[in-house]
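**Student:** output the structure for:
(one chain, ligands or ions: 2)
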Amino acid sequence: MMMKTKTIFAWKDRESAVAQAAETLQNGGLVVFPTETVYGLGANAFDADAVRHIFEAKGRPQDNPLIVHIADMERLADVAAEVSETARRLMKAFWPGPISIIVKKSARIPDAVSAGLETVAVRMPGNDLARAIIARAGIPVAAPSANTSGKPSPTLARHAYEDLCGKVPLIIDGGPCRVGVESTVVDATGEVPVILRPGDITPEMIREAAGGVRVHHGVMSEAQKDEVCASPGMKYKHYAPKANVTIFTGDKKEVAKCIHFRYYSDSMQGRKAVVLCLDECAGLYPGCELLTLGAGAKDAEAALFRTLREIDEQGFDAAYFHAQEEKMGLAVMNRIIRAAGHRIVAAGEEKE
Ligand code: AMP
Ligand code: MG
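**Tutor:** Ligands and ions are numbered 1, 2, ... in the order given. Below you'll find the predicted structure:
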């Protein structure tokens, strides 16, 4: 069913943005709202029908659970039946902020939210506008990223509009997202926190706060369709532009050699290619179409999804990603691996 999609610019009229977003959520409607990570597509987390509309609007697989957002600690008990000591430490250290913490689910949270799991991921977002909307609505807000399933997450309201126009009644435009990749997802039901999805909050920061950390092996492996997953989101190819994305890792010069070779073959066949890399490698690609991701991990996080969308906007057929794992960080590497599917090439020992 198509509907009229209204956009409110929060910097022009914040009060009306908060009021209308809260009212829409209370009435069982969907609202696109900004967070510090990416734009979210929110619904009342207590309302199974409203939550089902999220899955429909995104075309999201039913078995991929949603993160529930709260605005203050007093409301945690609405969502969680049990909060471990590990979870409390993480909340104290990083909330409000870009980390979702998996805890035992309260009976008030319907199965539609948790995809039938006994646990639920909870987050208190750092973005003031997001917290103001959730607080005004007075309910926990279930929200995945506001993109069509499989496409790069939205870091501008325009991205969400492109994907969801006609499918949601309201978009709150709060400007570009500061972080740019989705929250770190941590399973805190055990003694040692386990990172299921890397984000701006790094393993080192989590170790410091909780005294230990594990990174799930699925984080840096390619999406595996039939694997039984600790986190259902792990098994899907995500964030993919229409263009073929290939990742090259290894020695800088070897990588550049491989990419030049591929780029040249593409040109010979009339295919339009582009290279993605950090600023410091831009000089290795004279004469190539180039989209740079900035100086390091933080810049690359903020630029990645916008850049993946640009690849399609500019009509490229192939994108070559010059990986520098140490400098780009886990979150960027995890997202680009998901975007590329199986196409990872170790330069120097090229095989696919
Ligand atoms: P998104 O909403 O698109 O940011 O995706 C949410 C991510 O959190 C997905 O990868 C989910 O699989 C993961 N997630 C949410 N709830 C749980 C849970 N209870 N247990 C494990 N992973 C979860
Ligand atoms: Mg998502």
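
**Student:** please name the bridge partners of whichever residue of the stretch 1-150 of the chain sits closest to ligand 2.
**Tutor:** Closest to ligand 2 within the stretch 1-150 of the chain is Ser145: 3.4 Å, counting by CB to the ion. C-betas here are computed from N, CA, C, even on glycine. Legend: beta-bridge partners of Ser145 under DSSP bridges are Gly40.

**Student:** show the pLDDT at it.
**Tutor:** At Ser145, the pLDDT value in this model is 97.

**Student:** next one: the one 10 residues further on
**Tutor:** Note for Thr155: predicted pLDDT of 98.

**Student:** list the residues that contact the closest residue to it other than its chain neighbours.
**Tutor:** Spatial nearest neighbour of Thr155, excluding adjacent residues (CB to CB, 6 or more residues apart in numbering): Cys177 at 4.5 Å. Taking CB atoms under 8 Å, 6 or more residues apart in numbering, we find Cys177 in contact with 34-39, 155-156, 302.

**Student:** which SS state does Cys177 fall under?
**Tutor:** coil (DSSP: H, G, I helix; E, B strand; the rest coil).

**Student:** please flag which of the contacts of Cys177 sit within strands.
**Tutor:** Among the contacts of Cys177, none falls in strands (DSSP state E).

**Student:** returning to that earlier point: give the contact list for the residue of the stretch 1-150 of the chain closest to ligand 2.
**Tutor:** 38-41, 153-154, 182.

**Student:** can you do 10 Å?
**Tutor:** Each residue near Ser145 by CB atoms under 10 Å, 6 or more residues apart in numbering is listed here: 32, 35, 37-41, 58, 60, 67, 151-155, 159-160, 163, 182-183, 238-239, 305.

**Student:** intersect these with the contacts of ligand 1.
**Tutor:** Among the contacts of Ser145, proximity to ligand 1 is found for 67, 182 (CB under 6 Å from any ligand atom).

**Student:** a markdown table for the contacts of Cys177, including neighbour count and distance to ligand 2?
**Tutor:** Putting those into a markdown table (neighbours: other CB atoms under 10 Å; distance: CB to the ion, whole Å) gives the following:
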| residue | neighbour count | distance to ligand 2 |
| --- | --- | --- |
| Pro34 | 30 | 15 |
| Thr35 | 27 | 12 |
| Glu36 | 20 | 15 |
| Thr37 | 30 | 10 |
| Val38 | 26 | 8 |
| Tyr39 | 31 | 10 |
| Thr155 | 28 | 12 |
| Leu156 | 19 | 15 |
| Ala302 | 20 | 17 |
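
**Student:** ok, those residues vs Gln314, which is closest?
**Tutor:** Closest approach to Gln314 among these (CB to CB): Leu156, at 16.1 Å.

**Student:** look up how far Glu36 lies from the residue nearest to the closest one when sequence neighbours are not counted.
**Tutor:** Distances taken as CB to CB, 6+ apart place Pro176 nearest to Leu156, at 5.6 Å, with adjacent residues excluded. Computed as CB to CB, to the nearest Å, the Pro176 to Glu36 distance reads 10 Å.

**Student:** same question for His159.
**Tutor:** Separation of His159 from Glu36 (CB to CB): 16 Å.

**Student:** likewise Glu204?
**Tutor:** With CB to CB as the criterion, Glu204 and Glu36 are 20 Å apart.

**Student:** now do the helices in the stretch 251-352 of the chain.
**Tutor:** Taking DSSP state H, counting those that start in this stretch, the helices of the stretch 251-352 of the chain run over residues 252-268, 297-313, 325-340.

**Student:** mean confidence for the last one?
**Tutor:** If I follow you right, that is helix 325-340. Rounded mean pLDDT across helix 325-340 is 94.

**Student:** elements contacting that helix?
**Tutor:** Applying 3 or more CB pairs under 10 Å, 6 or more residues apart in numbering; DSSP states H and E, one finds that helix 325-340 contacts strand 194-197, strand 244-249, helix 297-313, strand 318-322.

**Student:** and the helices of the stretch 251-352 of the chain as a markdown table, adding distance to Gly97?
**Tutor:** Shown next, in a markdown table, are the helices of the stretch 251-352 of the chain (distance: least, CB to CB, whole Å):
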| stretch | distance to Gly97 |
| --- | --- |
| helix 252-268 | 34 |
| helix 297-313 | 14 |
| helix 325-340 | 14 |
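
**Student:** which of the ones you listed sits closest to Ala17?
**Tutor:** helix 297-313 (22.5 Å).

**Student:** what angle do that closest one and strand 318-322 make?
**Tutor:** Helix 297-313 runs at 170 degrees relative to strand 318-322, counting by axes from the mean of the first three to the mean of the last three CA atoms, to 10 degrees.

**Student:** any low-confidence regions in the stretch 201-350 of the chain?
**Tutor:** Applying pLDDT under 70 to the stretch 201-350 of the chain flags the ranges 222-237, 342, 349-350.

**Student:** so who does the spatially most central residue of the chain touch?
**Tutor:** By CA atoms, centre = their mean, the chain has its centre lying nearest to Glu182, at 3.0 Å. Neighbour list for Glu182: 35, 37-38, 40, 67, 98, 100, 123, 144-145, 153, 197-200, 233, 238-239, 301, 305, 331, 334-335 [criterion: CB under 10 Å, 6+ apart].
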